[in-house]
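Chemist: the amino acid sequence is not available; the structure is as follows:
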DNA sequence: GCGCCGTCGTAAGGGTTCTGTAAGGGTTCG
DNA sequence: CGAACCCTTACAGAACCCTTACGACGGCGC
């Protein structure tokens, strides 16, 4: 998400409040920077101060709305009806008056974000007859539900979200076990085997998990890519 | 749209303001009437006063959200952070403090409506011989009425509105008990068992509720959900 | 070609955490 | 006062993770 405000205090307050909640936070001090940043950044929510130097807040909303449907929450010291109505007309999703309480802003952020979830495509990835529904943490193979233990699922998730990429032992251990296990390669071997068994993946002729000796493992890229290489 | 308020003045004010804008307006004076009306009415927006006699506003939001994604704008005289955050948590889309200016309410209505998109699941869901009427809070199994305690019902509701999804202990506790119980896993075990008993669901060979050890539970996904995704 | 060595796949067991289950007391409400 | 419901605790069995051990395979130096 992106926070646009010329008051560094606000930026800092919002940033620290949000980082505890697992969000990635970008900031900008004025409208120009924000509009410059937005086309390339992958932002799912904008918090925008109306009283910006340079380009006005309303103009930022209009320009942003011309190409993006990203939710916008407006912050403003202005209580006036005209400003509020104008902001909504321009395409804002919510309007919060300064000074505001952080819990309320967080709640409003969740509210607008919840509306967006439905529009997003469900994150389901497929490989051959394997189907991983990342939103539901549900795995199917050949149409049948496949039960994985928590650790096995974390491993599988690491693989299918990085198909074709070489994943080192260290990286996998850190992702599935957390830091502190980075050197316990033997655990990785054991769990990779269990996962392979459940996926009917023969290490000698892998369908999914390819061993990269001395380095790590790799989720086999799509067969089409495979064919393109060979 | 539906306006719920026990103050006839508000009802009249909103109604006259809106009818100039070509909306069809239903009204209700309390939560019971509103919840009774909603399953059959074709409503695309709800404006809800928090300070209702009888069922509280928060409870109305929660019940409505169990089967409908219709936008909800809350009106309230209460300024307190706690009320606001709780309303958003329950599923409100916006929160307007009384007294309010009508142009702002209209602008906020347009804003939430702009985000609206289809897919409201019907107020009655079926799984095998189980039938849950989310609008009226009725449960039938094999054609016979099944009595659930309030807590059991909240649990069941959480499940059937998220079929196939892994629901963590924490999430379920928060949804059925409220925040503050997030770590009391043992209560969840006890109530899951009672619910299972009433649903004739054997934990060893579950028809409905699948245990995900170490994580939570999952309402058994519909087999034909597979086809719906693709 | 041959042996050495590191890495990998595989099997199995123990310990710990998690789950299902039963039972009892407390509270609320009619 | 009784009924219904919720909270709380205890314990046995199951699920899961950690840990170790061993043979197979392949690369490398000689």
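Modeler: That came in fine, so what should we check first? Just so we're clear, the structure is a prediction, and the values are computed from it rather than from any experiment. Residues are numbered from 1 along each chain as shown, chains lettered A, B, ... in the order given.
Chemist: hey, let's count contacts and neighbours off CA atoms from now on
Modeler: Will do.
Chemist: tally of neighbours for residue A:11?
Modeler: 20 (other C-alpha atoms under 10 Å in any protein chain shown).
Chemist: and it, its phi and psi?
Modeler: phi -60, psi -50 (degrees, to the nearest 10).
Chemist: report the contact partners of it.
Modeler: A:3, A:4, A:5, A:27 (C-alpha atoms under 8 Å, 6 or more residues apart in numbering or on different chains).
Chemist: cool, residue A:155 as well?
Modeler: Per C-alpha under 8 Å, 6+ apart, neighbours of residue A:155: A:172, A:175, A:176, A:192.
Chemist: one more: residue A:15?
Modeler: Per C-alpha under 8 Å, 6+ apart, neighbours of residue A:15: residue A:25.
Chemist: neighbour-wise, which of the contacts of residue A:155 leads?
Modeler: When neighbours are taken as other C-alpha under 10 Å, the top entry among the contacts of residue A:155 is residue A:172 (21 neighbours).
Chemist: how near is that residue to residue A:155?
Modeler: 7 Å (C-alpha to C-alpha, to the nearest Å).
Chemist: how far away is residue A:151 from chain B?
Modeler: 10 Å (C-alpha to the nearest C-alpha, to the nearest Å).
Chemist: residue A:209 too?
Modeler: 24 Å.
Chemist: find the residue closest to that residue in space, skipping its chain neighbours.
Modeler: residue A:219 (4.8 Å; C-alpha to C-alpha, 6 or more residues apart in numbering or on different chains).
Chemist: quick check: phi and psi at the one you found.
Modeler: Dihedral angles (degrees, to the nearest 10) for residue A:219: phi -80, psi 120.
Chemist: these two touch, right, it and residue A:208?
Modeler: Yes. Using C-alpha atoms under 8 Å, residue A:219 is in contact with residue A:208, at 5.5 Å.
Chemist: name the nearest of the contacts of residue A:11 relative to residue B:136.
Modeler: Using C-alpha to C-alpha, residue A:3 comes nearest to residue B:136 of the contacts of residue A:11, at 42.4 Å.
Chemist: tell me the contacts of the closest one?
Modeler: Shown in contact with residue A:3 (C-alpha under 8 Å, 6+ apart): A:11, A:14, A:25, A:26, A:27, A:28, A:46, A:47, A:48.
Chemist: what do you get for residue A:188?
Modeler: With contact set as C-alpha under 8 Å, 6+ apart, residue A:188 has these partners: A:169, A:172, A:173.
Chemist: switch the cut-off to 7 Å
Modeler: residue A:173 (C-alpha atoms under 7 Å, 6 or more residues apart in numbering or on different chains).
Chemist: before we move on, what about residue A:72?
Modeler: Applying C-alpha under 7 Å, 6+ apart to residue A:72 gives the contacts A:45, A:46, A:47, A:48, A:92, A:93, A:94.
Chemist: going by residue numbers, what spans are helices in chain A?
Modeler: A:8-19, A:31-37, A:57-65, A:81-90, A:102-117, A:150-160, A:169-177, A:185-198, A:223-229 (DSSP state H).
Chemist: need those helices in TSV (columns: distance to residue A:144 and mean pLDDT).
Modeler: Formatted as TSV, the helices of chain A follow (distance: least, C-alpha to C-alpha, whole Å; pLDDT from 0 to 100):
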stretch	distance to residue A:144	mean pLDDT
helix A:8-19	38	85
helix A:31-37	44	90
helix A:57-65	43	90
helix A:81-90	48	92
helix A:102-117	27	89
helix A:150-160	16	96
helix A:169-177	25	94
helix A:185-198	12	95
helix A:223-229	22	47
